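Peer 1: Attaching a predicted model along with its sequence, questions to come.
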Amino acid sequence: MTHSDRIEFSQVRAGDLARAVATRVEHGMRFGGLVASAEQPAGGGVYALLLDQDGIQVLVAHIPPGSSTSANSGMSLPSLTRSVPAAEWYERKIHDMHGFAPDGHPHLYPLITAGAASAPSYVSGEGMFTIPYGPVRSGVFEAVEYLLETPGEEIPSLDVGIHPKHRGIESRFVGATIPDGVLLAERIEGVASVAHAMAFCQAVERICAAHVPLKAAHLRVLHAELERIANHLDVAIGLSEAAGLSVANARFGIHKERVMRFRAQLCGNRFGRGVVIPGGVEHPVSSSASGLLPVLQGLAHDVLSDTEAALGTPSFVDRLRGTGVLDTGTAKYLGSIGPIARASGIAEDVRVDRPYASYEELGPLRPATRDSGDALGRMEVRYDELDVSFKLAAKALGEVAGLSGSHLEHLEVHDGRSIGWAEGPHGEILTLVDIEAGRVKSVLPRTASFHNLSILPRVFRGDILTDFAFIEASFGLSIAGASL
């Protein structure tokens, strides 16, 4: 069922925020995250994002400048984590970045601003020890620190440290022009540049009441789906490498490089940057669609054939089946999103539920799901999505034949606040944009990688050390996108 794109902002007292969010979640709304800003001299604010079929509701709790949010002050900010566990990392980040202390938080230790020395131990007993894994590891991996508590094989506890990747992205948006805002949005999460640019631009377009021409919307879909294909192939690369399938690993690597070169042929940038701008697009197809479509179709054939071959390899499938299980109940309880949620039987996809760009025109589209909730299910969901993404990209490419030059509606910048969204390769992206005096006042992105990475430690139930690489790769998340 298609959801509404209605957006509603409601003011609540800081002391009432946790109760207000918990009540709405109990009544069926989905918790979308907590973001915060600390503008001076006006003070700051905590924003709770909630979603259902009626649209998006944002609960805003204003924090006056200089206020303490401790339990002993008049500005208490009760923790939401005990009633909505998905809020745990959000509250830790808010405390790290803005000093807002959620009273009663069960695990309030640094997430963004400090390292392993601050992490508590959750498991004790004879023979138990901690393995620090990262932030520097062999191979090409993003900097992330894992602390594995283990008696030798099983992993009863895992703690994730994302502090090495923190870049202060949110603060860089403050005071930026709208064009510079797009530039920064594309760098929130480099592997999801197009999705973040779309979410940012859609928020700006809602504020400015701009309508994106249909041809431009088609081009946005084309680049968004190519981005999804590249990221899903990256997951296949990681899983095949973990399984020691050197031929599959090499072929998936070649296919990903072909996708990246195809993207560069389209717009001059391997990551699709510089295409999506408020009001439309720039740098449309640089060659004739008739010449590019056979290339895309050939690429689709090769990718899907090799993916099918990998999923038909018993030694590969055996390593994925039953590994890192996230059952449907736990997935809902923790608010998982994207391919990870869909592999646990949750049929949510923003392209379907809250359509944007030209997904309705290019559809119909149905979320790919599995019920197993394991690493195999997550790979199978991505296989289905690869097929759909190639078909959508081919349709969109056919629709933009002959498009040249910039294709956009004139955008007159207005002040205001709104939200943009996109189904990025890792899941739903929500971006809260506030414009004041024609410039960016704040941009608060809620990335799928941050939302889902907090769930990763919860899936190690009966899994052992040699399963770790498969579980991490099957989640397929961006650490940079988790630690802004």
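Peer 2: Everything's here; your move.

Peer 1: where does residue 47 land in three-state SS?
Peer 2: strand (DSSP: H, G, I helix; E, B strand; the rest coil).

Peer 1: Return the residues in contact with the closest residue to residue 38 other than its chain neighbours.
Peer 2: Closest residue in space to residue 38, ignoring its immediate chain neighbours: residue 44 at 3.7 Å, by C-beta to C-beta, 6 or more residues apart in numbering. To be clear about C-beta, it is placed using only N, CA and C from the backbone, and glycine gets the same treatment. Residues counted as contacts of residue 44 (C-beta atoms under 8 Å, 6 or more residues apart in numbering) are 36-38, 62-63, 65, 98, 100.

Peer 1: Residue 130 now?
Peer 2: 121, 147-150.

Peer 1: again, only using 7 Å
Peer 2: 147-149 (C-beta atoms under 7 Å, 6 or more residues apart in numbering).

Peer 1: export the strand or helix carrying it as CSV, just CAs?
Peer 2: Using DSSP states H and E, residue 130 maps to strand 129-133. Provided in CSV are the C-alpha atoms of strand 129-133 (Å, rounded to 0.1, in the frame of the first residue of the first chain):
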residue,chain,number,x,y,z
PHE,A,129,38.6,-12.6,26.6
THR,A,130,38.3,-9.6,24.2
ILE,A,131,39.6,-9.5,20.7
PRO,A,132,40.1,-5.9,19.3
TYR,A,133,39.5,-6.2,15.6
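
Peer 1: next helix or strand past it?
Peer 2: strand 145-150.

Peer 1: Quick one: mean pLDDT for that following strand?
Peer 2: Across strand 145-150, pLDDT averages out at 85.

Peer 1: And for stretch 322-332?
Peer 2: 94.

Peer 1: what pLDDT does residue 221 get?
Peer 2: pLDDT at residue 221 comes out at 97.

Peer 1: what bits of the protein have low per-residue confidence?
Peer 2: 1-3, 39-43, 65-75, 114-124, 284-290, 402-406, 408 (pLDDT under 70).

Peer 1: for it, which helix is longest?
Peer 2: Taking DSSP state H as the assignment, the helix of the chain that covers the most residues is helix 214-242.

Peer 1: who does that one touch, helix- and strand-wise?
Peer 2: If you count contacts as 3 or more C-beta pairs under 7 Å, 6 or more residues apart in numbering; DSSP states H and E, helix 214-242 packs onto helix 193-208, helix 246-267, strand 280-281, helix 289-311, helix 359-362, helix 375-399, strand 407-408, helix 468-475.

Peer 1: any idea how far that helix is from the chain center?
Peer 2: 13 Å (C-alpha atoms, centre = their mean, to the nearest Å).

Peer 1: what does stretch 165-184 give?
Peer 2: With C-alpha atoms, centre = their mean, you get 17 Å for stretch 165-184.

Peer 1: neighbouring contacts of it?
Peer 2: 112, 142-144, 188, 197, 200-201, 204, 277-278, 413, 439-440, 442-444, 479-480, 483-484.

Peer 1: circling back: got the angle for the longest helix of the chain vs helix 246-267?
Peer 2: Per axes from the mean of the first three to the mean of the last three C-alpha atoms, to 10 degrees, the angle that helix 214-242 makes with helix 246-267 is 160 degrees.

Peer 1: In helix 214-242, which of the residues would be classed as buried?
Peer 2: Residues 215-242 are the ones in helix 214-242 that count as buried (16 or more other C-beta atoms under 10 Å).

Peer 1: isn't there a strand covering residue 462?
Peer 2: No. Under three-state DSSP, residue 462 sits outside any strand and is assigned coil.

Peer 1: And residue 111, how far from residue 326?
Peer 2: According to C-beta to C-beta, to the nearest Å, residue 111 stands 21 Å off from residue 326.

Peer 1: returning to that earlier point: sheet-wise, list the partners of the strand holding residue 130 with their directions.
Peer 2: Here strand 129-133 is paired, per DSSP bridges, with strand 145-150 (antiparallel).

Peer 1: any idea how far the partner strand is from the chain center?
Peer 2: 24 Å.

Peer 1: That strand vs helix 468-475, what angle?
Peer 2: Using the same axes, to 10 degrees, strand 145-150 lies at 130 degrees relative to helix 468-475.

Peer 1: CA-only coordinates of strand 145-150 in PDB, if you can.
Peer 2: Taking Å, rounded to 0.1, in the frame of the first residue of the first chain, the C-alpha atoms of strand 145-150 are listed here in PDB:
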ATOM      1  CA  GLU A 145      36.700  -1.000  15.400                       C
ATOM      2  CA  TYR A 146      35.000  -4.200  16.600                       C
ATOM      3  CA  LEU A 147      35.500  -5.600  20.100                       C
ATOM      4  CA  LEU A 148      34.600  -9.300  20.200                       C
ATOM      5  CA  GLU A 149      34.100 -10.900  23.600                       C
ATOM      6  CA  THR A 150      34.500 -14.600  23.200                       C
END
